[in-house]
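> Task: produce atomic coordinates for the following.
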Amino acid sequence: MGRIDDFLKQGKLIVMDGAMGTELEKRGYNVSDALWSAKFLKENPDAIKQIHKDYMEAGANVVTCCSYQATIPGFMDAGYSEAEAEVLIRKSMEIALLAREEWWQESGKEKGCDYPVIAGDIGPYGAYLADGSEYSGAYDLTKEEYKDFHSKRINILKDAGAEIFAVETCPKLDEAKAVAELLEELDSDFWVSFTVKTPDRISDGTPIKDVVECMNKYSHIKAIGVNCVAPEIVEDIILNLRNESDIPICVYPNSGEVYDGINKVWNGAPDGISFAQRAKKWQIAGARFIGGCCRTSPDDIKEVAKLRDISTNPIIIKAK
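Predicted structure coming up:
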């Protein structure tokens with residue numbers, strides 16, 4: 001069993017981290033690049049490390065490394081050699097592990113906090129395309145092509161110390177199956193989170209029922225859910241997932257803010273409901289893992305952590 005099982009045994013809410021790319025942007029960094037946040041693995045790794053630490057300080061039990069957009073083809077398209085690409089992918093995990101140790105010694109250990117789990121981030125093929133197709137599934141590879149694309153990154157992150165894998169923002173069941181098979185072969189725990197077309201269908205049109213039926217067969221899957229979706233539909237998605245499966249449910253949607261393309265600013269949720277208010281509803285609906293995606297921040301994760309910490313006599317997960 002992996003370290004995530006220690007958290008699952010508690011029966012408490014498991015708090016995930018929040019956005020990396022849009023959080024870098026909030027802090028003044030330009031992420032308008034095909035590599036998105038991954039370019040800062042080379043340009044400013046300390047900025048990435050600080051954001052990881054801020055999420056841990058906010059209370060995250062699970063922190064995901066900055067490898068979502070970090071692929072060998074993506075780096076090579078940007079002018080890096082294959083060897084340089086491999087180094088930067090490894091570096092994404094090394095930064096997250098270093099952030100954990102620094103935070104633990106500086107703050108976490110003294111406060112008696114949980115010792116976080118570090119996840120390797122596996123973004124979909126659509127993230128490499130950088131054309132928004134992780135929300136549409138508008139690409140089509142064979143199983144072997146998916147495996148060829150994802151295998152090297154997975155192996156690098158596993159070797160560098162990944163304790164679980166985040167197969168996330170996935171629009172296609174076929175791609176999720178291919179990545180799951182790779183992770184099963186490596187005896188590695190993982191969760192899968194999809195993007196959706198509607199609350200009962202993922203982006204490629206596959207019904208939630210069929211998605212769950214497929215994912216149920218993998219022994220190392222620890223959660224199934226959605227990320228980078230509108231928060232107002234998440235409660236319905238949770239209920240649909242609960243109707244089909246006993247696999248723990250993970251949700252980490254966007255903040256609900258709306259981008260004003262004319263004035264180039266983000267505005268608050270139009271319905272006035274805060275991320276924290278929604279998170280409480282997701283917890284009641286049955287989500288076991290809750291975090292955030294685009295435009296969420298350490299402040300949002302701090303509010304989610306408060307939901308977890310309401311319970312009495314917590315069991316603290318210590319470093320091993």
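> what comes up buried for the host helix or strand of residue 92?
Secondary structure from DSSP states H and E places residue 92 in helix 82-103. Of the residues in helix 82-103, 85-97, 99-100, 102-103 count as buried by neighbour count, 16 or more other CB atoms under 10 Å. C-beta coordinates here come from the backbone N, C-alpha and C atoms, glycine included.
> helices and strands of this protein: which one has the lowest mean pLDDT?
strand 258-260 (a mean of 61; mean pLDDT, DSSP states H and E).
> average model confidence for the strand or helix carrying residue 74?
According to DSSP H and E, residue 74 maps onto helix 72-77. What helix 72-77 shows for mean pLDDT is 95.
> could you say what helices and strands it packs with?
helix 82-103, helix 143-160 (3 or more CB pairs under 8 Å, 6 or more residues apart in numbering; DSSP states H and E).
> Now with 10 Å, please.
In terms of contacts (3 or more CB pairs under 10 Å, 6 or more residues apart in numbering; DSSP states H and E), helix 72-77 is packed against helix 82-103, helix 125-129, helix 143-160.
> In CSV: the ones you listed, plus mean pLDDT.
CSV is the format used below for the helices and strands packed on helix 72-77 (pLDDT from 0 to 100):
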stretch, mean pLDDT
helix 82-103, 97
helix 125-129, 95
helix 143-160, 98
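> Of all those helices, which one is nearest residue 268?
helix 125-129 (26.9 Å; CB to CB).
> which parts of the closest one are buried?
Neighbour-count burial for helix 125-129 [16+ other CB under 10 Å]: 125-128.
> Low-confidence ranges, this protein, go.
For the chain, the stretches flagged by pLDDT under 70 are 1, 258-266, 269-270, 311-320.
> For residue 230, which of the helices and strands packed on helix 72-77 is the nearest?
Closest among the helices and strands packed on helix 72-77, once you apply CB to CB, is helix 125-129, at 18.0 Å.
> Which parts of the stretch 201-320 of the chain are strands?
For the stretch 201-320 of the chain, the strands defined by DSSP state E, counting those that start in this stretch occupy 201-202, 221-227, 249-252, 258-260, 265-267, 289-290.
> Just send the helices and strands packed on helix 72-77 back as a markdown table, with distance to residue 292 too.
Listed next are the helices and strands packed on helix 72-77 as a markdown table, based on distance: least, CB to CB, whole Å:
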| stretch | distance to residue 292 |
| --- | --- |
| helix 82-103 | 17 |
| helix 125-129 | 18 |
| helix 143-160 | 22 |
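> Residue 50 is nearest to which of the ones you listed?
helix 82-103 (7.8 Å).
> Next secondary structure after that closest one?
Assignment by DSSP H and E places the next element after helix 82-103 at helix 109-111.
> following that next one, which helix or strand shows up next?
Trace forward from helix 109-111 with DSSP H and E and the next one is strand 117-122.
> elements contacting that next one?
In this structure, strand 117-122 packs against helix 4-10, strand 62-64, helix 82-103, helix 143-160, strand 164-170, helix 173-185, strand 190-194, with contacts taken as 3+ CB pairs under 10 Å, 6+ apart.
> and residue 197, backbone torsions?
The phi/psi pair for residue 197 (degrees, to the nearest 10) reads phi -90, psi -40.
> What is the burial count for the spatially closest residue to it that is not a sequence neighbour?
Leaving aside its sequence neighbours, residue 197 sits nearest to residue 203 (CB to CB, 6 or more residues apart in numbering; 5.3 Å). When neighbours are counted by other CB atoms under 10 Å, residue 203 registers 24.
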